[in-house]
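Asker: Just a sequence and a predicted model for now, questions to come.
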Amino acid sequence: MEAPAAAASPSVTFYDFLDRMRNPASLDLVRSIKSFIVSFSFYTANPENDGKRVQEFFLTMEAAIREHSLWAGATDEEIDSALEGLEKYVMTKLFSRTFASVPEDSKIDREISEKIGLLQTFLKPEHLDIPAVLRNEASWLLAEKELQKINSFKAPREKLLCIMSCCRVINNLLLNASMSENHVLAGLDDFLPVLIYVTIKANPPQLHSNLKFIQLYRRQAKLVSEAAYYFTNLVSAKTFVVDLSAKSLSMDEMKFEESMQAARLTNKATQIEASPTLQGQTIPIPPTAMHDKNKDISADMQMPSIAIGGSNYPYMDTQAGELTVGDVERLLGLYKDVVTKYRNLCTAVRQNHISVSKTEQPVPHSEGTSFLPKQPEGINTKIDIQRED
Amino acid sequence: MGCSSSLPDRTSGRLAGPNIENGGAPDPKNLRVKLVLLGDSGVGKSCIVLRFVRGQFDPTSKVTVGASFLSQTIALQDSTTVKFEIWDTAGQERYAALAPLYYRGAAVAVVVYDITSPDSFTKAQYWVKELQKHGSPDIVMALVGNKADLQEKREVPVQDGIDYAEKNGMFFIETSAKTADNINQLFEEIAKRLPRPPSS
């Protein structure tokens, strides 16, 4: 199965919602929706407040739809699917304004992703005491894939479905283990360690922002019961990862620190080696580049490490007197790294310029900067395309 | 340790489909209640729930056996129904700090210990204190001594459980998930103690 199990029918109901909105009789509803969406451009982002406003709007619209002539005599299911359509429409329109909308969120996303990147290098199922009967690579991979799909969707409901699908795979694994291996089911004591392990293996994109987005913008009447439970479990897995120290694992404290340190060094080394060819796998994707892309972001949006800012260049705030002879080797490495990147960038920009003016020829003899698209994302994509050949 | 030996039902094992809620207004005749289970791992939290959910045969309920989220509806004599949405928590020490994520907003907390393990009784008291500090103020709490079938291995006297529960305004019961003793009574008793929304 490619899509989450329930993805087909809702798209039908979404078109049904759009159809009804095209009906002249729903003009009043369309006006309210449009003016609500426009009203968001008057304020700067404030997630908690924005969430409250959206939820209030959903409730107001629910009342309006229930009273509306187009839905006269509609069943609760029909009203519900209209509201799902509304949520999807509004949140898709407001996505770039509401998802990871404050810099703190992007920073947390980056930190989590980096930490997971380090943990991935050494964490084993036994460190979380996952019993052998539950170690099933094929099932885990399936669960990871479900989680990694989370950025393919903009609607909170669909993002939540990715989490539910992931949890469903894990539950099936537990159930199978209980039947074929005679494993005694131990509820969350079995489930949570597997979910944590799967989350670490998946390193789902923008984990924190996705959870926050669902929490704030999924219709409140829907984030209850089983959905709320599995959602809470992923929040729990995230919290566990954020607070994770040697004490959280069945692992020697010294060994843990050594492994983390080794992972940090390896990451640095691979970043330095890999950046000229843009293969730094552990480099987090800068959030600005992600807002409007929803397909295969992780594949084609791996950015050169220049985008990350100071963290890769630890000597930026250092005074000359603080340096030691031991720093020379690293400094030289970083210097070469910077020069290589600069050269690559120049080449890319030059090639890009040539190819753009060759193929499109917008205005004859346009000067250097005119091909540059307005959004910086555009540049990055182009560079990546150049690099593919 | 472990639950009874009966095998889970083949037809289960999937999450329930989208459930349509009716506007979210509390219906005094049909309560929906979040219940959180706390206690050391190995005290039989999930066994109690499995026993409760499996024991009452209801062909309409789609039960996910083995899952950590289960729900079960019971009918009371005054013709009201209570749907328990049961949230399991992880008992291992390393997950203790995550518990508030689970008991937030719970109407009921069932704190379970094992009558053969004084450590688990100490841990239960820790959870009670934690709930008193951070749980909802009107939370209904039950203290449950499980594995009551293991009388010969008992290390926590019944009276200790009774006394502790009384001091903390909790309902106390000893159960055996293995023999199903007192399992239904536990949930029925909780249902009776729930604050009712005023009937309109």
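Answerer: Received it, and whenever you're ready, just let me know what you need. All figures in this text were calculated on a predicted structure; none of them were measured in a lab.
Asker: What separation do you get for the residue of the stretch 101-250 of chain A found nearest chain B and B:C47?
Answerer: Nearest residue of the stretch 101-250 of chain A to chain B: A:G187, at 3.1 Å (CB to the nearest CB). Using the backbone N, CA and C atoms, a C-beta is placed for each residue, glycine as well. Using CB to CB, to the nearest Å, A:G187 is found at 9 Å from B:C47.
Asker: Contact partners for B:A142?
Answerer: By CB atoms under 8 Å, 6 or more residues apart in numbering or on different chains, B:A142 lies in contact with B:V108, B:A109, B:V110, B:V111, B:M170, B:F171, B:F172, B:I173, B:L186, B:E189, B:I190.
Asker: Counting only strands, which of the residues you listed make the cut?
Answerer: B:V108, B:A109, B:V110, B:V111, B:F171, B:F172, B:I173 (DSSP state E).
Asker: CSV for those residues, including distance to chain A, neighbour count and pLDDT?
Answerer: Listed next are the ones in strands among the contacts of B:A142 as CSV, based on distance: CB to the nearest CB, whole Å; neighbours: other CB atoms under 10 Å in any protein chain shown; pLDDT from 0 to 100:
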residue, distance to chain A, neighbour count, pLDDT
B:V108, 15, 26, 98
B:A109, 15, 27, 98
B:V110, 13, 27, 98
B:V111, 15, 25, 98
B:F171, 22, 18, 96
B:F172, 22, 18, 98
B:I173, 20, 22, 98
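Asker: okay, and the helix or strand of chain B with the least pLDDT?
Answerer: Least confident helix or strand of chain B, by mean pLDDT, DSSP states H and E, is helix B:45-55 with a mean of 86.
Asker: So which elements touch the lengthiest strand in chain B?
Answerer: In chain B, with assignment by DSSP E, the single longest strand is strand B:30-38. With contacts taken as 3 or more CB pairs under 8 Å, 6 or more residues apart in numbering or on different chains; DSSP states H and E, strand B:30-38 sits against helix B:45-55, strand B:81-87, helix B:99-103, strand B:108-114, helix B:118-134.
Asker: How far off centre is the one helix or strand A:S113 maps to?
Answerer: Assessed by DSSP states H and E, A:S113 sits inside helix A:103-120. Taking CA atoms, centre = their mean, to the nearest Å, one finds the center of helix A:103-120 at 11 Å from the center of the full chain.
Asker: Can I take it that B:V43 is in a helix?
Answerer: No. Read with DSSP: H, G, I helix; E, B strand; the rest coil, B:V43 is coil and lies in no helix.
Asker: and residue 117, what pLDDT?
Answerer: Just so you know, I chose chain A. Residue-level confidence at A:G117 comes out at 97, pLDDT.
Asker: ah, no, chain B please
Answerer: pLDDT, B:S117: 98.
Asker: ok, now A:A289?
Answerer: 43.
Asker: Same question for the one 3 residues further on.
Answerer: Reading off the per-residue confidence, A:D292 sits at a pLDDT of 44.
Asker: for the one 10 residues further on, same thing?
Answerer: Among the per-residue scores, A:Q302 holds a pLDDT of 41.
Asker: Now do the contacts for the one residue in chain B that gets nearest to chain A.
Answerer: Using CB to the nearest CB, the single residue of chain B nearest to chain A is B:S46, 3.1 Å away. B:S46 is in contact with A:L185, A:A186, A:G187, A:L188, A:D189, B:C3, B:L37, B:S68, B:D88, counting by CB under 8 Å, 6+ apart.
Asker: how about a cut-off of 6 Å?
Answerer: By CB atoms under 6 Å, 6 or more residues apart in numbering or on different chains, the residues touching B:S46 are A:A186, A:G187, B:D88.
Asker: re the thing from before, now the element after the least confident helix or strand of chain B, going C-ward?
Answerer: Heading C-terminal from helix B:45-55 (DSSP H and E), you reach strand B:69-75.
Asker: That next one packs against which elements?
Answerer: Applying 3 or more CB pairs under 6 Å, 6 or more residues apart in numbering or on different chains; DSSP states H and E, one finds that strand B:69-75 contacts helix B:45-55, strand B:81-87.
Asker: ok and that strand relative to helix B:45-55, angle-wise?
Answerer: Here strand B:69-75 runs at an angle of 50 degrees relative to helix B:45-55 (axes from the mean of the first three to the mean of the last three CA atoms, to 10 degrees).
Asker: Run a quick neighbour tally on the residue nearest to B:N168 when sequence neighbours are not counted.
Answerer: Counting by CB to CB, 6 or more residues apart in numbering or on different chains, B:V128 is the residue found nearest to B:N168 once chain neighbours are left out, at 5.6 Å. Using other CB atoms under 10 Å in any protein chain shown, B:V128 has 22 neighbouring residues.
Asker: what is the mean pLDDT for stretch A:195-211?
Answerer: 98.
Asker: actually stretch B:177-191, sorry about that
Answerer: pLDDT averaged over stretch B:177-191 gives 94.
Asker: okay, the helices and strands packed on strand B:30-38 in CSV with distance to A:V235 next?
Answerer: What follows is the helices and strands packed on strand B:30-38, written out as CSV (distance: least, CB to CB, whole Å):
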stretch, distance to A:V235
helix B:45-55, 21
strand B:81-87, 13
helix B:99-103, 6
strand B:108-114, 19
helix B:118-134, 16
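Asker: closest to A:I116 out of these?
Answerer: Smallest distance to A:I116 across the helices and strands packed on strand B:30-38 (CB to CB): 19.2 Å, for helix B:99-103.
Asker: wait, does the closest one contact chain A?
Answerer: Yes. For helix B:99-103, a contact with chain A is found by CB under 6 Å from any CB of the partner chain, at B:L101.
Asker: Please point out which parts of that helix sit buried.
Answerer: Within helix B:99-103, the residues that count as buried by 16 or more other CB atoms under 10 Å in any protein chain shown are B:A99, B:Y102, B:Y103.
Asker: Same check on stretch A:72-85?
Answerer: For stretch A:72-85, the neighbour count (16+ other CB under 10 Å) marks A:I79, A:D80, A:S81, A:A82, A:L83, A:E84, A:G85 as buried.
Asker: Show me the contact partners of stretch A:13-28.
Answerer: Contacts to stretch A:13-28, defined as CB under 6 Å, 6+ apart, come from residues A:V30, A:L70, A:S81, A:A82, A:G85, A:K88.
Asker: Surely B:P197 is within a helix?
Answerer: No. Counting by three-state DSSP, B:P197 is located in no helix; its state is coil.
Asker: what about it, distance to B:L31?
Answerer: 8 Å.
Asker: and if you look at B:S41?
Answerer: Distance of B:S41 to B:L31, computed by CB to CB: 30 Å.
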